[in-house]
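Need a 3D model of the following:
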Amino acid sequence: MSFKVNYTDDSPIGVSGGFADSGFHDVVTKNNPPQEVPFGRALFNIVDDDDGIKLPDVDKESRFRGVSIRDESIEGGSYPEKSAVAVIKRGRVFVHAEESLNEEDPVYIRIDGKQQIQTITFDIDFEIGNKINLKVNGEPISEVTFSVNQSTTMGLLDDAITAMEGVANVTTEGKVVTITSDQDVTLEITEIAVTEGGNQAVGVVEETLAGIPVSHRGRFRKSADGGTAIQLTEGVKWSQGVTAPGVAVLDINLP
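Just a heads-up that it's a prediction; the model follows:
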(Lines give C-alpha, C1' and ligand atoms only; values in the text may rest on other atoms or scores of the structure.)
Protein backbone atom coordinates (compact mmCIF):
# COMPACT_ATOMS: atom_id res chain seq x y z
CA MET A 1 0.00 0.00 0.00
CA SER A 2 1.34 3.46 -0.84
CA PHE A 3 0.51 6.89 0.51
CA LYS A 4 0.72 10.25 -1.18
CA VAL A 5 1.33 13.37 0.84
CA ASN A 6 0.84 16.77 -0.79
CA TYR A 7 2.83 19.78 0.43
CA THR A 8 2.17 23.36 -0.59
CA ASP A 9 4.51 26.36 -0.54
CA ASP A 10 2.94 27.57 2.68
CA SER A 11 3.07 24.23 4.50
CA PRO A 12 5.12 24.56 7.73
CA ILE A 13 8.36 22.57 7.79
CA GLY A 14 7.88 21.61 11.42
CA VAL A 15 6.44 22.61 14.77
CA SER A 16 8.09 25.20 17.00
CA GLY A 17 10.14 23.49 19.69
CA GLY A 18 10.50 20.22 17.83
CA PHE A 19 13.78 18.59 16.83
CA ALA A 20 14.62 19.48 13.23
CA ASP A 21 16.47 16.23 12.52
CA SER A 22 17.47 12.91 14.08
CA GLY A 23 21.08 13.96 14.69
CA PHE A 24 22.83 14.71 17.97
CA HIS A 25 20.90 16.83 20.47
CA ASP A 26 22.24 17.98 23.83
CA VAL A 27 19.22 18.58 26.05
CA VAL A 28 19.39 19.63 29.69
CA THR A 29 16.70 20.11 32.31
CA LYS A 30 16.21 23.51 33.90
CA ASN A 31 13.68 25.05 36.28
CA ASN A 32 11.51 27.98 35.29
CA PRO A 33 10.29 30.77 37.61
CA PRO A 34 6.61 31.65 38.12
CA GLN A 35 5.89 32.08 34.40
CA GLU A 36 4.76 29.83 31.57
CA VAL A 37 7.42 28.96 28.99
CA PRO A 38 6.04 28.30 25.50
CA PHE A 39 7.68 25.61 23.37
CA GLY A 40 10.36 26.81 20.96
CA ARG A 41 11.35 29.98 22.82
CA ALA A 42 14.79 31.36 23.58
CA LEU A 43 15.67 30.99 27.25
CA PHE A 44 18.16 32.90 29.41
CA ASN A 45 19.71 32.07 32.75
CA ILE A 46 18.53 33.58 36.02
CA VAL A 47 21.40 35.41 37.70
CA ASP A 48 22.58 33.60 40.89
CA ASP A 49 20.50 30.51 40.03
CA ASP A 50 22.49 27.87 38.14
CA ASP A 51 19.42 25.78 37.35
CA GLY A 52 16.98 28.61 36.69
CA ILE A 53 15.89 29.83 33.27
CA LYS A 54 13.48 32.49 32.07
CA LEU A 55 12.17 34.11 28.95
CA PRO A 56 14.48 36.90 27.76
CA ASP A 57 13.93 40.44 29.01
CA VAL A 58 15.88 43.67 29.33
CA ASP A 59 18.16 42.22 32.05
CA LYS A 60 21.64 42.65 30.51
CA GLU A 61 23.30 40.27 32.98
CA SER A 62 21.47 37.18 31.70
CA ARG A 63 22.85 35.01 28.90
CA PHE A 64 21.29 32.78 26.25
CA ARG A 65 21.07 29.17 27.42
CA GLY A 66 19.08 27.43 24.69
CA VAL A 67 15.56 26.80 23.39
CA SER A 68 12.62 25.13 25.12
CA ILE A 69 11.85 21.74 23.56
CA ARG A 70 8.31 20.64 22.75
CA ASP A 71 6.88 18.09 25.19
CA GLU A 72 3.90 16.27 23.69
CA SER A 73 2.76 15.15 27.14
CA ILE A 74 2.04 18.75 28.11
CA GLU A 75 -1.19 20.33 26.88
CA GLY A 76 -1.46 23.95 25.81
CA GLY A 77 1.91 24.41 24.12
CA SER A 78 3.75 25.72 27.20
CA TYR A 79 5.60 24.47 30.25
CA PRO A 80 3.55 25.50 33.30
CA GLU A 81 4.83 27.72 36.08
CA LYS A 82 7.52 26.29 38.36
CA SER A 83 8.09 23.16 36.28
CA ALA A 84 11.07 21.32 34.82
CA VAL A 85 11.86 22.55 31.30
CA ALA A 86 13.75 20.61 28.61
CA VAL A 87 16.26 22.98 26.99
CA ILE A 88 18.28 22.17 23.86
CA LYS A 89 21.80 23.63 23.93
CA ARG A 90 23.25 21.73 20.96
CA GLY A 91 21.50 20.55 17.84
CA ARG A 92 18.93 21.82 15.36
CA VAL A 93 15.46 22.87 16.45
CA PHE A 94 12.35 24.36 14.87
CA VAL A 95 11.57 27.89 16.09
CA HIS A 96 9.02 30.56 15.17
CA ALA A 97 10.53 33.37 13.07
CA GLU A 98 8.63 36.66 13.21
CA GLU A 99 9.82 37.67 9.74
CA SER A 100 11.22 36.15 6.56
CA LEU A 101 14.92 35.25 6.78
CA ASN A 102 17.62 33.10 5.22
CA GLU A 103 20.64 31.15 6.43
CA GLU A 104 23.01 34.14 6.19
CA ASP A 105 20.92 36.45 8.37
CA PRO A 106 21.86 37.29 11.97
CA VAL A 107 19.90 35.75 14.84
CA TYR A 108 17.86 38.10 17.03
CA ILE A 109 15.43 37.30 19.84
CA ARG A 110 12.54 39.38 21.09
CA ILE A 111 13.04 40.78 24.60
CA ASP A 112 10.03 43.12 24.81
CA GLY A 113 6.69 43.93 23.24
CA LYS A 114 5.62 47.03 21.33
CA GLN A 115 2.72 49.40 21.86
CA GLN A 116 0.27 49.96 19.03
CA ILE A 117 0.36 53.41 17.41
CA GLN A 118 -2.43 54.87 15.27
CA THR A 119 -3.11 58.23 13.69
CA ILE A 120 -6.32 60.07 12.85
CA THR A 121 -5.80 62.55 10.02
CA PHE A 122 -8.49 65.14 9.36
CA ASP A 123 -8.71 66.61 5.85
CA ILE A 124 -9.50 70.19 6.94
CA ASP A 125 -9.29 72.28 10.11
CA PHE A 126 -12.16 72.36 12.55
CA GLU A 127 -14.31 75.49 12.62
CA ILE A 128 -16.85 77.29 14.77
CA GLY A 129 -19.83 75.12 15.67
CA ASN A 130 -18.14 71.75 14.95
CA LYS A 131 -18.80 68.88 17.33
CA ILE A 132 -16.39 65.91 17.26
CA ASN A 133 -17.19 62.38 18.30
CA LEU A 134 -15.56 58.97 17.94
CA LYS A 135 -15.41 55.62 19.70
CA VAL A 136 -12.45 53.78 21.24
CA ASN A 137 -13.06 50.04 21.37
CA GLY A 138 -16.76 50.70 21.05
CA GLU A 139 -16.94 53.28 23.84
CA PRO A 140 -17.74 56.93 22.96
CA ILE A 141 -15.42 59.74 24.00
CA SER A 142 -16.85 62.82 25.66
CA GLU A 143 -18.09 65.02 22.83
CA VAL A 144 -15.66 67.77 21.85
CA THR A 145 -17.00 71.18 20.76
CA PHE A 146 -14.89 73.63 18.76
CA SER A 147 -13.25 76.21 20.99
CA VAL A 148 -11.19 79.28 20.02
CA ASN A 149 -9.09 77.74 17.22
CA GLN A 150 -7.72 74.52 15.69
CA SER A 151 -4.98 74.09 18.26
CA THR A 152 -7.27 74.51 21.26
CA THR A 153 -9.87 72.15 19.80
CA MET A 154 -7.25 69.51 19.05
CA GLY A 155 -6.09 69.84 22.64
CA LEU A 156 -9.63 69.14 23.85
CA LEU A 157 -9.79 66.12 21.55
CA ASP A 158 -6.46 64.95 22.98
CA ASP A 159 -7.90 65.14 26.51
CA ALA A 160 -11.07 63.27 25.51
CA ILE A 161 -9.15 60.39 23.90
CA THR A 162 -6.53 60.23 26.66
CA ALA A 163 -9.32 59.64 29.19
CA MET A 164 -10.33 56.40 27.45
CA GLU A 165 -9.35 53.00 28.84
CA GLY A 166 -6.33 51.42 27.15
CA VAL A 167 -4.86 54.69 25.87
CA ALA A 168 -1.30 55.37 27.01
CA ASN A 169 -0.56 58.62 25.21
CA VAL A 170 -2.06 61.09 22.72
CA THR A 171 -0.30 63.86 20.81
CA THR A 172 -1.66 66.32 18.26
CA GLU A 173 -0.04 68.35 15.51
CA GLY A 174 -1.95 70.34 12.91
CA LYS A 175 -4.75 68.06 11.71
CA VAL A 176 -3.20 64.81 12.96
CA VAL A 177 -3.92 62.97 16.22
CA THR A 178 -1.43 60.24 17.24
CA ILE A 179 -2.68 57.61 19.69
CA THR A 180 -0.45 55.12 21.53
CA SER A 181 -2.06 52.18 23.29
CA ASP A 182 -1.16 50.65 26.62
CA GLN A 183 1.17 47.66 26.29
CA ASP A 184 -0.71 44.49 25.30
CA VAL A 185 -3.82 46.51 24.37
CA THR A 186 -5.22 46.78 20.85
CA LEU A 187 -7.34 49.86 20.23
CA GLU A 188 -10.00 50.16 17.54
CA ILE A 189 -10.90 53.75 16.61
CA THR A 190 -14.30 53.90 14.93
CA GLU A 191 -17.29 56.11 14.11
CA ILE A 192 -15.34 59.35 13.71
CA ALA A 193 -17.92 62.06 13.09
CA VAL A 194 -17.65 65.83 12.83
CA THR A 195 -21.08 67.47 12.83
CA GLU A 196 -22.63 70.94 12.84
CA GLY A 197 -20.74 74.09 11.84
CA GLY A 198 -20.38 75.25 8.26
CA ASN A 199 -17.92 72.57 7.10
CA GLN A 200 -17.18 69.18 8.60
CA ALA A 201 -13.73 67.57 8.54
CA VAL A 202 -13.39 63.90 7.65
CA GLY A 203 -11.03 61.81 9.77
CA VAL A 204 -9.13 58.77 8.51
CA VAL A 205 -7.52 56.22 10.85
CA GLU A 206 -4.22 54.52 10.03
CA GLU A 207 -2.28 52.03 12.14
CA THR A 208 1.35 53.13 11.84
CA LEU A 209 2.76 50.53 14.24
CA ALA A 210 1.16 47.21 15.10
CA GLY A 211 1.32 46.23 18.74
CA ILE A 212 3.31 43.16 19.80
CA PRO A 213 2.44 41.44 23.09
CA VAL A 214 5.05 41.04 25.82
CA SER A 215 4.11 37.35 25.73
CA HIS A 216 6.04 37.08 22.43
CA ARG A 217 9.36 37.38 24.27
CA GLY A 218 11.76 34.65 23.19
CA ARG A 219 10.59 34.50 19.59
CA PHE A 220 13.20 34.76 16.87
CA ARG A 221 13.86 37.22 14.04
CA LYS A 222 16.69 38.78 11.98
CA SER A 223 16.50 42.42 13.10
CA ALA A 224 16.39 44.57 16.23
CA ASP A 225 12.84 45.84 15.59
CA GLY A 226 13.37 49.23 17.18
CA GLY A 227 15.37 47.89 20.12
CA THR A 228 12.79 45.30 21.20
CA ALA A 229 15.05 42.45 20.06
CA ILE A 230 18.73 41.69 20.70
CA GLN A 231 21.29 39.87 18.58
CA LEU A 232 22.83 36.55 19.58
CA THR A 233 26.39 36.61 18.32
CA GLU A 234 27.76 33.25 19.50
CA GLY A 235 26.59 29.64 19.38
CA VAL A 236 23.65 30.06 17.01
CA LYS A 237 22.99 30.30 13.28
CA TRP A 238 20.14 29.71 10.89
CA SER A 239 20.17 26.27 9.30
CA GLN A 240 17.03 26.82 7.23
CA GLY A 241 15.20 30.06 6.58
CA VAL A 242 11.60 30.90 5.85
CA THR A 243 10.02 33.14 3.17
CA ALA A 244 7.36 34.59 5.48
CA PRO A 245 6.75 34.65 9.23
CA GLY A 246 6.67 31.01 10.29
CA VAL A 247 8.85 28.07 11.31
CA ALA A 248 12.60 28.13 10.61
CA VAL A 249 15.48 25.87 11.71
CA LEU A 250 17.98 27.15 14.28
CA ASP A 251 21.35 25.45 14.75
CA ILE A 252 22.56 25.76 18.36
CA ASN A 253 26.05 24.99 19.62
CA LEU A 254 26.49 26.16 23.19
CA PRO A 255 29.12 24.90 25.65
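
Can you list the low-confidence ranges for this protein?
Across the chain, the ranges flagged by pLDDT under 70 are 1-13.

could you show me where the helices are in it, in order?
150-162 (DSSP state H).

Can you give me the buried ones in the longest strand along the chain?
When the chain is scanned for its longest strand (criterion: DSSP state E), the result is strand 84-97. Buried residues in strand 84-97, counted by 16 or more other CB atoms under 10 Å: 85-97. Where you see a C-beta, it was placed from the backbone N, CA and C, and this is true even at glycine.

Also stretch 214-225?
Judged by neighbour count (16+ other CB under 10 Å), stretch 214-225 contains these buried residues: His216, Arg217, Gly218, Arg219, Phe220, Arg221, Lys222, Asp225.

and the closest residue to the third one other than its chain neighbours, how many neighbours does it have?
Looking back up the chat, that one is Gly218. Counting by CB to CB, 6 or more residues apart in numbering, Gly218 lies nearest to Arg41, which is 3.2 Å off, once chain neighbours are set aside. When neighbours are counted by other CB atoms under 10 Å, Arg41 registers 26.

again with Ile128
Other residues near Ile128 number 13, with proximity taken as other CB under 10 Å.

Could you check how far it is from Gly155?
Ile128 sits 16 Å away from Gly155 when distances are taken as CB to CB, to the nearest Å.

do the same with His96
The separation that His96 has from Gly155, given CB to CB, amounts to 43 Å.

same check, this time on Ala163
According to CB to CB, Ala163 and Gly155 sit 13 Å apart.

Have a look at these two and say which one is more surrounded.
Comparing Ala163 with Gly155 by neighbour count (other CB under 10 Å), the higher total belongs to Gly155, at 16 against 12.
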